[in-house]
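Asks: Sequence and predicted structure are below.
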There are 2 protein chains.
Amino acid sequence: MTNWIDEDLNGVRYGLEGTVVIDEQSPFQRITVIESKRYGKGLLLDGCWMTAEKQERHYHECLVHPALCSASEITKVLVIGGGDGGTARECLRHKGIKHLDMVEIDRRVVELSKMHLPDIGGHAWNDPRLHLHITNGIHWAKNASTNTYNVVIVDGSDPAGPAEGLFNKTFFENCKRILRPGGIFATQSESPEAFKSIHIDTVRLIREVFGYADPLYGWVPMYPSGWWSWTFASVEEASYLNLKENRAKDIAKHCEIWSPRWQKGAFDAIPAFIERELKK
Amino acid sequence: MTNWIDEDLNGVRYGLEGTVVIDEQSPFQRITVIESKRYGKGLLLDGCWMTAEKQERHYHECLVHPALCSASEITKVLVIGGGDGGTARECLRHKGIKHLDMVEIDRRVVELSKMHLPDIGGHAWNDPRLHLHITNGIHWAKNASTNTYNVVIVDGSDPAGPAEGLFNKTFFENCKRILRPGGIFATQSESPEAFKSIHIDTVRLIREVFGYADPLYGWVPMYPSGWWSWTFASVEEASYLNLKENRAKDIAKHCEIWSPRWQKGAFDAIPAFIERELKK
């Protein structure tokens, strides 16, 4: 008999055929690891699809490279969340990074990812530039010194459970405060279709806090609607739109989805119904 | 108990919660109409999601307007397939169309769509410019006179069952032959993720036949992977890239997804792995 693991949301479900490998409750959330027929091992948190070995690049490349290819410097980078290691891995492809703080609240997500989905973090786990801190990312952003990071990347789950505080004004203000001049802020910003209101509110709030912010649209087939967004922000001007050519060229060679052309398209591919809302 | 209607494909499924309203076998295919909780009434052919009342604009706007906003003239248009009426409806928003031939092989798809999903075809069904022909679209393209249509739009299902012949060289050559100078050809061209090989082969073949062809990428959440493509072609130059400004402005007012900016982005948002394949 076929066994399906599904995420249900408002009368829609997306399922992968496979078997459950691990299903445990951490102090923060329910963590499920599956072995799927189509995409290799997959991870769910509180029953929501997070990533899978053969589908993770859609998400990680699109979150990381628009920020790291456009910041004026990338010496010191902060990643909040991202316990599976994929965001750190994509960051550390950039040779310019000297120090990467990765702040993940849930030790078990890191442990289980290293054990069952080791290719997602890959070399990042052994890279001496990676400094992993198992603690609360909201507190980290509050307590970090002003002008610390060239890039701040938020790789959290939906705004419920442990990721709830990653979608509010105080948090965004702290992210802005700890950015150095010429820095870039990046966050996943939900689906314009399955989470339309959260998406619009998030983009508006980030724009209000930073001054400049734009969503970019791409695809993560396993997320609700398959249609996903990431939002990039900066303070002095919309500098996330301007790639550093050499950095971009080096990175593009290794990418499956991201390219300078793809990125340009993904910023333009804002659907009419969202563009109208954001102009209000 | 929750009742789900799913489409399964290679270890992945997408389901809508709802109830089956109609499930019958026509001479060509199995036709299922459902009432869904999330997207209103929905249509499946041979168990594959085709459309739903509250999700159909993603597909129809993206197939129609890039072609109709860029052809040099749009007096006479051919639609092959599209039995639910959505493509005809979007076409007929264009006041410049004087005559629209719609050629659908399966009378029951039209009848059941008119009965259960009447808003998808909407005013199109009563528009005197619509000429509905229940016959084989492949034969229609073969038998039509050279230089007949300003725009030819193919709105078929996956290349299996009745739509199989809509993905081969002879058919594309006939579509090219019946186009007038300055004309545009448009077709759905599958998912670059769930149907990667078919997608690449289709784009390559259309490019070979017409001389100029490019895929455009968008979202249809209910289709496999949510990530969909449409391919546009022309003969003298890549004229599908150049919108007629006034026509585009009139149409954009009524669109949910499509806009000139969205279209520009959607042509650029080609993922790196497809761009590499198409350059080979």
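Replies: That came through fine.
Asks: residues in contact with the longest helix along chain A?
Replies: When chain A is parsed with DSSP state H, its longest helix is helix A:196-210. The contact list for helix A:196-210 (C-beta atoms under 8 Å, 6 or more residues apart in numbering or on different chains) reads A:158-159, A:167-169, A:172-173, A:176, A:185, A:187, A:189-192, A:213-215, A:229, A:231, A:233-235, A:274, A:277-278. Heads up, the C-betas are built off the backbone N, CA and C, glycines and all.
Asks: among those residues, which ones are buried?
Replies: Buried members of those, scored by 16 or more other C-beta atoms under 10 Å in any protein chain shown, are A:158-159, A:167, A:172, A:176, A:185, A:187, A:189-192, A:213-215, A:229, A:231, A:233-235, A:274, A:277.
Asks: thinking A:Gly96 is in contact with A:Glu73, fair?
Replies: Yes - with contact defined as C-beta atoms under 8 Å, A:Gly96 counts as touching A:Glu73 (7.4 Å).
Asks: Surely A:Met102 is within a strand?
Replies: Yes - judged by DSSP: H, G, I helix; E, B strand; the rest coil, A:Met102 forms part of a strand.
Asks: Kindly provide the distance from the residue in the stretch 151-280 of chain A that chain B sits nearest to to A:Gln188.
Replies: Nearest to chain B, among the residues of the stretch 151-280 of chain A, is A:Gly226, at 1.9 Å (C-beta to the nearest C-beta). Look at A:Gly226 and A:Gln188: by C-beta to C-beta, to the nearest Å, they are 14 Å apart.
Asks: out of these two, which sits in the more crowded spot?
Replies: More neighbours surround A:Gly226 than the other of A:Gly226 and A:Gln188, with 29 against 26 (other C-beta atoms under 10 Å in any protein chain shown).
Asks: Which parts of the stretch 151-280 of chain A are strands?
Replies: A:179-188, A:212-219, A:227-234 (DSSP state E, counting those that start in this stretch).
Asks: for the longest one, the distance to its chain's centre please.
Replies: This means strand A:179-188. 13 Å (C-alpha atoms, centre = their mean, to the nearest Å).
Asks: buried sites along it?
Replies: A:179-180, A:183-188.
Asks: ok, which pair from those residues is furthest apart?
Replies: A:Arg180 and A:Gln188 (22.4 Å; C-beta to C-beta).
Asks: mind listing what the spatially closest residue to A:Leu241 that is not a sequence neighbour touches?
Replies: Spatial nearest neighbour of A:Leu241, chain neighbours left out: A:Phe267 (6.8 Å); criterion: C-beta to C-beta, 6 or more residues apart in numbering or on different chains. If a contact means C-beta under 8 Å, 6+ apart, then A:Phe267 has A:214-216, A:241, B:265 as its contacts.
Asks: hmm, 7 Å instead?
Replies: Under the criterion of C-beta atoms under 7 Å, 6 or more residues apart in numbering or on different chains, the contact list for A:Phe267 reads A:214, A:216, A:241, B:265.
Asks: How confident was the prediction at it?
Replies: On pLDDT, A:Phe267 comes in at 98.
Asks: What parts of the stretch 101-250 of chain A come near chain B?
Replies: Contacts of the stretch 101-250 of chain A with chain B, taken as C-beta under 7 Å from any C-beta of the partner chain, map to A:193, A:219, A:221, A:225-227.
Asks: CSV please, covering those residues and showing distance to B:Ala88.
Replies: Formatted as CSV, those follow (distance: C-beta to C-beta, whole Å):
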residue, distance to B:Ala88
A:Glu193, 25
A:Trp219, 28
A:Pro221, 30
A:Ser225, 26
A:Gly226, 27
A:Trp227, 26
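Asks: Among those, which pair sits farthest apart?
Replies: Among those, the pair separated by the greatest distance (C-beta to C-beta) is A:Glu193 and A:Pro221, at 13.3 Å.
Asks: what's the distance between stretch A:187-207 and the middle of its chain?
Replies: 13 Å.
Asks: pull the CA atoms of it into CSV?
Replies: Output of stretch A:187-207 as CSV, limited to C-alpha atoms (Å, rounded to 0.1, in the frame of the first residue of the first chain):
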residue,chain,number,x,y,z
THR,A,187,14.2,36.9,4.7
GLN,A,188,11.8,34.3,3.3
SER,A,189,8.5,36.1,3.0
GLU,A,190,5.9,33.3,2.5
SER,A,191,3.6,32.6,-0.5
PRO,A,192,1.7,35.4,-2.2
GLU,A,193,-1.0,32.8,-2.9
ALA,A,194,-1.3,30.5,0.1
PHE,A,195,-0.3,33.2,2.7
LYS,A,196,-1.3,36.4,0.8
SER,A,197,-2.0,38.6,3.8
ILE,A,198,1.2,37.6,5.7
HIS,A,199,3.2,38.1,2.5
ILE,A,200,1.9,41.6,1.9
ASP,A,201,2.1,42.7,5.6
THR,A,202,5.7,41.4,5.8
VAL,A,203,6.9,43.2,2.7
ARG,A,204,5.1,46.5,3.8
LEU,A,205,6.6,46.3,7.3
ILE,A,206,10.2,45.6,6.1
ARG,A,207,9.9,48.5,3.6
